[in-house]
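Enquirer: next one to model:
(2 chains)
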Amino acid sequence: DTEVTQTPKHLVMGMTNKKSLKCEQHMGHRAMYWYKQKAKKPPELMFVYSYEKLSINESVPSRFSPECPNSSLLNLHLHALQPEDSALYLCASSQEGSQVYLPQHFGDGTRLSIL
Amino acid sequence: GIQVEQSPPDLILQEGANSTLRCNFSDSVNNLQWFHQNPWGQLINLFYIPSGTKQNGRLSATTVATERYSLLYISSSQTTDSGVYFCARRQTGANSKLTFGKGITLSVRP
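Expert: Numbers count the residues shown, from 1 in each chain, chains lettered A, B, ... in the order given. All right, here's what the predicted structure looks like:
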(Lines give C-alpha, C1' and ligand atoms only; values in the text may rest on other atoms or scores of the structure.)
Protein backbone atom coordinates (compact mmCIF):
# COMPACT_ATOMS: atom_id res chain seq x y z
CA ASP A 1 0.00 0.00 0.00
CA THR A 2 2.04 2.97 -1.21
CA GLU A 3 -0.85 5.44 -0.82
CA VAL A 4 0.12 5.94 2.81
CA THR A 5 3.60 7.44 3.04
CA GLN A 6 5.73 7.16 6.16
CA THR A 7 9.01 8.92 6.90
CA PRO A 8 11.67 8.17 7.80
CA LYS A 9 11.98 4.51 6.76
CA HIS A 10 14.64 3.87 9.41
CA LEU A 11 15.46 5.76 12.60
CA VAL A 12 18.16 5.17 15.18
CA MET A 13 18.00 7.32 18.29
CA GLY A 14 19.36 7.49 21.79
CA MET A 15 17.19 7.31 24.87
CA THR A 16 17.53 11.05 25.50
CA ASN A 17 16.69 12.16 21.96
CA LYS A 18 13.45 13.68 20.69
CA LYS A 19 12.31 12.65 17.24
CA SER A 20 9.08 12.43 15.23
CA LEU A 21 7.60 9.90 12.86
CA LYS A 22 5.45 11.24 10.03
CA CYS A 23 2.58 9.75 8.06
CA GLU A 24 0.69 11.24 5.12
CA GLN A 25 -2.25 10.08 3.01
CA HIS A 26 -4.14 11.78 0.19
CA MET A 27 -7.04 9.37 -0.19
CA GLY A 28 -9.49 11.59 1.67
CA HIS A 29 -9.59 9.17 4.58
CA ARG A 30 -10.79 10.63 7.87
CA ALA A 31 -9.45 7.98 10.23
CA MET A 32 -5.74 7.42 10.85
CA TYR A 33 -3.98 4.90 13.06
CA TRP A 34 -0.61 4.17 14.66
CA TYR A 35 0.42 0.55 15.22
CA LYS A 36 3.53 -0.93 16.84
CA GLN A 37 4.89 -4.26 15.63
CA LYS A 38 7.58 -6.30 17.35
CA ALA A 39 9.44 -9.04 15.51
CA LYS A 40 7.38 -12.17 14.80
CA LYS A 41 4.23 -10.58 16.29
CA PRO A 42 1.13 -9.02 14.71
CA PRO A 43 0.69 -5.25 14.71
CA GLU A 44 -0.73 -3.80 17.91
CA LEU A 45 -2.90 -0.70 17.87
CA MET A 46 -1.56 2.38 19.68
CA PHE A 47 -3.77 5.33 18.67
CA VAL A 48 -6.77 6.14 16.47
CA TYR A 49 -7.64 9.59 15.16
CA SER A 50 -11.05 10.21 13.67
CA TYR A 51 -11.80 13.56 11.99
CA GLU A 52 -8.54 14.86 13.50
CA LYS A 53 -9.58 14.06 17.05
CA LEU A 54 -7.97 11.36 19.18
CA SER A 55 -10.61 8.67 19.66
CA ILE A 56 -8.62 5.70 20.95
CA ASN A 57 -5.45 5.56 23.08
CA GLU A 58 -4.59 1.98 23.91
CA SER A 59 -2.90 2.89 27.21
CA VAL A 60 0.28 3.93 25.44
CA PRO A 61 3.07 5.41 27.64
CA SER A 62 3.31 9.21 27.55
CA ARG A 63 6.75 9.05 25.93
CA PHE A 64 4.74 8.51 22.72
CA SER A 65 2.72 11.59 21.79
CA PRO A 66 0.49 11.54 18.71
CA GLU A 67 -0.59 14.59 16.75
CA CYS A 68 -2.96 15.06 13.82
CA PRO A 69 -2.37 18.55 12.37
CA ASN A 70 -4.87 18.02 9.54
CA SER A 71 -6.87 15.28 7.88
CA SER A 72 -3.91 14.15 5.72
CA LEU A 73 -1.13 14.12 8.30
CA LEU A 74 -0.39 12.10 11.39
CA ASN A 75 2.71 12.47 13.55
CA LEU A 76 4.11 10.45 16.40
CA HIS A 77 6.44 12.39 18.67
CA LEU A 78 9.01 10.35 20.56
CA HIS A 79 10.83 11.36 23.73
CA ALA A 80 12.88 9.44 26.29
CA LEU A 81 12.22 6.09 24.67
CA GLN A 82 13.44 2.80 26.08
CA PRO A 83 15.29 -0.01 24.26
CA GLU A 84 12.10 -2.12 24.37
CA ASP A 85 10.41 0.52 22.19
CA SER A 86 12.52 -0.64 19.25
CA ALA A 87 10.01 -1.93 16.71
CA LEU A 88 8.36 -1.33 13.36
CA TYR A 89 5.86 1.52 13.59
CA LEU A 90 3.05 1.35 11.07
CA CYS A 91 0.60 4.05 10.09
CA ALA A 92 -2.77 3.24 8.51
CA SER A 93 -5.80 5.12 7.27
CA SER A 94 -9.39 4.32 6.38
CA GLN A 95 -12.59 6.01 5.35
CA GLU A 96 -14.97 6.39 8.21
CA GLY A 97 -18.69 6.02 8.50
CA SER A 98 -20.86 5.08 11.41
CA GLN A 99 -22.44 2.09 9.70
CA VAL A 100 -19.76 1.08 7.25
CA TYR A 101 -16.71 -0.96 8.12
CA LEU A 102 -14.04 -0.21 5.60
CA PRO A 103 -10.56 -1.55 4.97
CA GLN A 104 -7.46 -0.02 6.48
CA HIS A 105 -4.53 0.85 4.22
CA PHE A 106 -1.04 0.65 5.69
CA GLY A 107 2.18 2.53 5.03
CA ASP A 108 5.53 0.78 4.71
CA GLY A 109 6.47 1.58 8.29
CA THR A 110 9.36 3.17 10.16
CA ARG A 111 11.87 0.76 11.65
CA LEU A 112 12.94 2.33 14.94
CA SER A 113 16.00 1.33 16.94
CA ILE A 114 16.69 2.75 20.40
CA LEU A 115 20.30 2.65 21.55
CA GLY B 1 -12.68 -10.15 23.39
CA ILE B 2 -12.70 -11.18 19.78
CA GLN B 3 -10.48 -14.15 18.97
CA VAL B 4 -8.81 -14.51 15.59
CA GLU B 5 -7.02 -17.80 15.04
CA GLN B 6 -4.92 -18.68 12.02
CA SER B 7 -3.64 -22.04 10.89
CA PRO B 8 -1.21 -23.53 10.24
CA PRO B 9 1.31 -21.30 12.08
CA ASP B 10 4.08 -22.20 9.64
CA LEU B 11 4.07 -23.53 6.10
CA ILE B 12 6.87 -24.58 3.79
CA LEU B 13 6.14 -25.07 0.12
CA GLN B 14 8.05 -26.01 -2.97
CA GLU B 15 7.73 -23.43 -5.73
CA GLY B 16 4.71 -24.19 -7.88
CA ALA B 17 2.68 -25.84 -5.12
CA ASN B 18 -0.77 -24.69 -3.98
CA SER B 19 -1.79 -23.91 -0.42
CA THR B 20 -4.76 -22.95 1.75
CA LEU B 21 -4.46 -20.67 4.77
CA ARG B 22 -7.28 -20.57 7.31
CA CYS B 23 -8.63 -17.90 9.64
CA ASN B 24 -11.28 -18.63 12.29
CA PHE B 25 -13.26 -16.08 14.30
CA SER B 26 -14.95 -16.27 17.65
CA ASP B 27 -17.92 -14.15 16.58
CA SER B 28 -19.72 -13.01 13.45
CA VAL B 29 -17.74 -11.32 10.69
CA ASN B 30 -18.64 -7.99 9.17
CA ASN B 31 -15.19 -6.76 8.19
CA LEU B 32 -12.25 -8.93 7.30
CA GLN B 33 -8.92 -8.26 5.64
CA TRP B 34 -6.05 -10.47 4.51
CA PHE B 35 -2.54 -9.00 4.48
CA HIS B 36 0.85 -10.17 3.30
CA GLN B 37 3.86 -8.87 5.17
CA ASN B 38 6.96 -9.33 3.08
CA PRO B 39 10.46 -9.88 4.52
CA TRP B 40 11.06 -6.11 4.37
CA GLY B 41 8.13 -5.45 6.68
CA GLN B 42 5.72 -4.00 4.15
CA LEU B 43 2.13 -4.89 5.07
CA ILE B 44 0.25 -5.29 1.82
CA ASN B 45 -3.53 -5.44 1.52
CA LEU B 46 -4.54 -8.60 -0.29
CA PHE B 47 -8.30 -8.73 0.16
CA TYR B 48 -11.10 -6.96 1.94
CA ILE B 49 -13.63 -9.76 2.13
CA PRO B 50 -16.36 -9.73 4.80
CA SER B 51 -18.22 -12.40 2.82
CA GLY B 52 -18.15 -14.26 -0.47
CA THR B 53 -15.23 -15.00 -2.78
CA LYS B 54 -12.72 -12.76 -4.51
CA GLN B 55 -9.84 -13.50 -6.84
CA ASN B 56 -6.72 -11.54 -7.73
CA GLY B 57 -4.35 -13.37 -10.02
CA ARG B 58 -2.96 -16.45 -8.29
CA LEU B 59 -4.63 -15.52 -5.00
CA SER B 60 -8.23 -15.95 -4.00
CA ALA B 61 -10.12 -15.68 -0.75
CA THR B 62 -13.42 -16.96 0.57
CA THR B 63 -15.22 -15.88 3.73
CA VAL B 64 -18.14 -17.90 5.08
CA ALA B 65 -19.51 -15.45 7.61
CA THR B 66 -22.18 -17.78 8.98
CA GLU B 67 -19.53 -20.36 9.84
CA ARG B 68 -17.01 -17.82 11.09
CA TYR B 69 -14.02 -18.58 8.91
CA SER B 70 -12.08 -17.30 5.95
CA LEU B 71 -9.67 -19.06 3.60
CA LEU B 72 -6.84 -17.67 1.50
CA TYR B 73 -5.78 -19.77 -1.48
CA ILE B 74 -2.38 -19.42 -3.10
CA SER B 75 -1.91 -21.25 -6.37
CA SER B 76 1.35 -21.92 -8.24
CA SER B 77 3.33 -20.41 -5.36
CA GLN B 78 6.44 -18.34 -6.06
CA THR B 79 9.39 -17.46 -3.85
CA THR B 80 8.08 -13.89 -3.69
CA ASP B 81 4.99 -15.22 -1.87
CA SER B 82 7.19 -15.87 1.17
CA GLY B 83 6.44 -13.84 4.27
CA VAL B 84 3.76 -13.66 6.92
CA TYR B 85 0.05 -13.73 6.11
CA PHE B 86 -2.27 -12.02 8.57
CA CYS B 87 -6.01 -11.99 8.70
CA ALA B 88 -7.65 -9.24 10.71
CA ARG B 89 -11.15 -8.28 11.58
CA ARG B 90 -12.66 -5.17 12.94
CA GLN B 91 -15.00 -4.90 15.89
CA THR B 92 -18.37 -3.27 15.41
CA GLY B 93 -18.69 0.43 16.10
CA ALA B 94 -17.09 3.52 14.61
CA ASN B 95 -13.34 3.94 15.06
CA SER B 96 -13.03 0.39 16.30
CA LYS B 97 -9.72 -1.39 16.20
CA LEU B 98 -8.51 -4.09 13.87
CA THR B 99 -7.78 -7.37 15.64
CA PHE B 100 -5.05 -9.40 13.97
CA GLY B 101 -4.41 -13.10 14.08
CA LYS B 102 -0.90 -14.27 15.00
CA GLY B 103 -0.05 -14.78 11.34
CA ILE B 104 1.04 -17.69 9.16
CA THR B 105 4.70 -17.76 8.15
CA LEU B 106 5.05 -19.05 4.60
CA SER B 107 8.37 -20.07 3.07
CA VAL B 108 8.39 -20.94 -0.62
CA ARG B 109 11.54 -22.76 -1.67
CA PRO B 110 12.92 -22.69 -5.23
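
Enquirer: neighbouring contacts of the helix or strand hosting A:V12?
Expert: For A:V12, the host element (DSSP states H and E) is strand A:10-13. Here strand A:10-13 makes contact (CB atoms under 8 Å, 6 or more residues apart in numbering or on different chains) with A:K19, A:L21, A:L78, A:L81, A:T110, A:R111, A:L112, A:S113, A:I114, A:L115. Using the backbone N, CA and C atoms, a C-beta is placed for each residue, glycine as well.

Enquirer: the fifth one: how many residues sit nearby?
Expert: It refers to A:T110. 22 (other CB atoms under 10 Å in any protein chain shown).

Enquirer: could you tell me the end-to-end distance of stretch B:25-44?
Expert: Start to finish, the residues bounding stretch B:25-44 are 21 Å apart (CA to CA, to the nearest Å).

Enquirer: quick one: is that stretch near chain A?
Expert: Yes - with CB under 8 Å from any CB of the partner chain as the measure, stretch B:25-44 is seen reaching chain A through B:N30, B:N31, B:Q33, B:F35, B:W40, B:G41, B:Q42, B:L43, B:I44.

Enquirer: intersect the contacts of strand A:10-13 with the contacts of chain B.
Expert: Answer for the contacts of strand A:10-13 near chain B (CB under 8 Å from any CB): A:R111.

Enquirer: for the contacts of strand A:10-13, which one is nearest A:A87?
Expert: A:L112 (6.1 Å; CB to CB).

Enquirer: in contact with A:M15, which residues?
Expert: A:M15 neighbours (CB under 8 Å, 6+ apart): A:A80, A:L81, A:Q82, A:P83, A:I114, A:L115.

Enquirer: need those residues in TSV (columns: neighbour count and pLDDT).
Expert: TSV is the format used below for those (neighbours: other CB atoms under 10 Å in any protein chain shown; pLDDT from 0 to 100):
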residue	neighbour count	pLDDT
A:A80	14	93
A:L81	21	93
A:Q82	10	95
A:P83	9	94
A:I114	18	94
A:L115	10	91
